[in-house]
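>>> I'd like to go over a predicted model; first the sequence, then the structure.
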Amino acid sequence: MRTPIIAGNWKMFKTIAEAKQFAQEVKAGSAKAGVQKVVCAPFTALPALTEALQGSDLAVGAQNMHFEEQGAFTGEISPSMLKEIGVQYVIIGHSERRQYFNETDETVNKKVLAALKHGLVPIICVGESLEQREAGETSRVVRTQTEAALAGLEAGQVADVIIAYEPIWAIGTGKSSSAQEANETISVIRQVVAEAYGQEDAANVRIQYGGSVKPENIGSYMSQSDIDGALVGGASLDAASYLQLVNGSLQE
Ligand SMILES: O=C(CO)COP(=O)(O)O
């Protein structure tokens, strides 16, 4: 049984004050147990957020990190710096980082290995562009990205990562992939894991869908056989909406 996981990705939104306000509202609200809950905040808000959420079951994630331990890398943040402030998750290889900040399959892989080495759970993003989708390349693209991201992991370690399938054309556009199509592509990703690491890891690894997920459509994704949660941008910014996503992710 794979525990559902709902992760918010705030992207470049929320000041420290706004993050604290969100934490208060979520803590005051009611969220069902049995769902893993994560919010991935901008670096500046992380210390305040981990402090504000102490004792709650909402974990904090970062949206990126460097793969090196330390060094002359101006503007970067290391895995141990994240650990030091109580961060537990880190998004790796989001399409916005691949598109605007030169993230490659190679750096994604280095970051995944570094995250695991430091006890951070990587949320690895894969997904095709509209052009690739229209050319019938979706399976090939997610296969290549998944194989590259997981290269060098040991069997057993794969069960510790989260994979997020985010078709680029569905991000922030209001155009979500149909639940069935998302499930088919996520099955391909699970198959890639099975081929590389065996059936057990494939059965255990959690794979999320991301791209215009809202409280209104979360149920349709969660009813699919291979979708284990969601990575949510816009609809995760509001505490009430985030709680609805969490509560809507459990199948009755
Ligand atoms: O990129 C996303 C999450 O990482 C998806 O963003 P939206 O939910 O705003 O479409």
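Yep, that arrived. Residues are numbered from 1 along each chain as shown.

>>> quick one: contacts for the residue in the chain that the ligand sits nearest to?
Going by Cβ to the nearest ligand atom, the ligand is nearest to G233 of the chain, at 2.4 Å. All C-beta spots, glycine's among them, are computed from the backbone N, C-alpha and C. Going by Cβ atoms under 8 Å, 6 or more residues apart in numbering, G233 touches 8-11, 171-172, 210.

>>> which of those residues fall in strands?
8-9, 210 (DSSP state E).

>>> could you dump the residues you listed into CSV with neighbour count and distance to A194 added?
Formatted as CSV, the ones in strands among the contacts of G233 follow (neighbours: other Cβ atoms under 10 Å; distance: Cβ to Cβ, whole Å):
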residue, neighbour count, distance to A194
G8, 28, 29
N9, 26, 27
G210, 28, 22
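
>>> TSV for the residues you listed, including pLDDT?
Below are the ones in strands among the contacts of G233 laid out as TSV (pLDDT from 0 to 100):
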residue	pLDDT
G8	98
N9	98
G210	97
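
>>> intersect these with the contacts of the ligand.
Among these, the ones lying near the ligand by Cβ under 6 Å from any ligand atom are 9, 210.

>>> the residue nearest to R143 when sequence neighbours are not counted and A149: what is the separation?
Distances taken as Cβ to Cβ, 6 or more residues apart in numbering put V192 closest to R143, at 5.3 Å, once the chain neighbours are dropped. Distance of V192 to A149, computed by Cβ to Cβ, to the nearest Å: 10 Å.

>>> can you pull up the bridge partners for the nearest residue to D57 once chain neighbours are set aside?
Excluding its sequence neighbours, the residue lying closest to D57 (Cβ to Cβ, 6+ apart) is K37, at 6.1 Å. With DSSP bridges as the criterion, K37 is bridged to I6, L58.

>>> check whether K37 really touches G29, as I assumed.
No. The pair K37 / G29 is not scored as a contact, 11.3 Å apart, by Cβ atoms under 8 Å.

>>> neighbour count: these two, which is higher?
A count of neighbours by other Cβ atoms under 10 Å puts K37 above the other of K37 and G29, at 24 against 14.

>>> for the residue nearest to D57, give me its contacts.
5-6, 31, 57-59, 246.

>>> of those residues, grab the buried ones for PyMOL.
Restricted to buried positions by 16 or more other Cβ atoms under 10 Å, the PyMOL selection for the contacts of K37 reads:
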select buried, resi 5+6+31+58+59+246
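
>>> can I get the contacts of K37 in JSON lines including pLDDT?
Output for the contacts of K37, formatted as JSON lines (pLDDT from 0 to 100):
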{"residue": "I5", "pLDDT": "98"}
{"residue": "I6", "pLDDT": "98"}
{"residue": "A31", "pLDDT": "91"}
{"residue": "D57", "pLDDT": "95"}
{"residue": "L58", "pLDDT": "97"}
{"residue": "A59", "pLDDT": "98"}
{"residue": "V246", "pLDDT": "98"}
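
>>> okay if I get the contacts of K37 as JSON lines plus distance to K214?
JSON lines is the format used below for the contacts of K37 (distance: Cβ to Cβ, whole Å):
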{"residue": "I5", "distance to K214": "17"}
{"residue": "I6", "distance to K214": "12"}
{"residue": "A31", "distance to K214": "17"}
{"residue": "D57", "distance to K214": "23"}
{"residue": "L58", "distance to K214": "20"}
{"residue": "A59", "distance to K214": "22"}
{"residue": "V246", "distance to K214": "13"}
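
>>> show me which residues of this protein sit near the ligand.
So far as Cβ under 6 Å from any ligand atom goes, the chain lies against the ligand at 9, 94, 166, 171-172, 210-213, 231-235.
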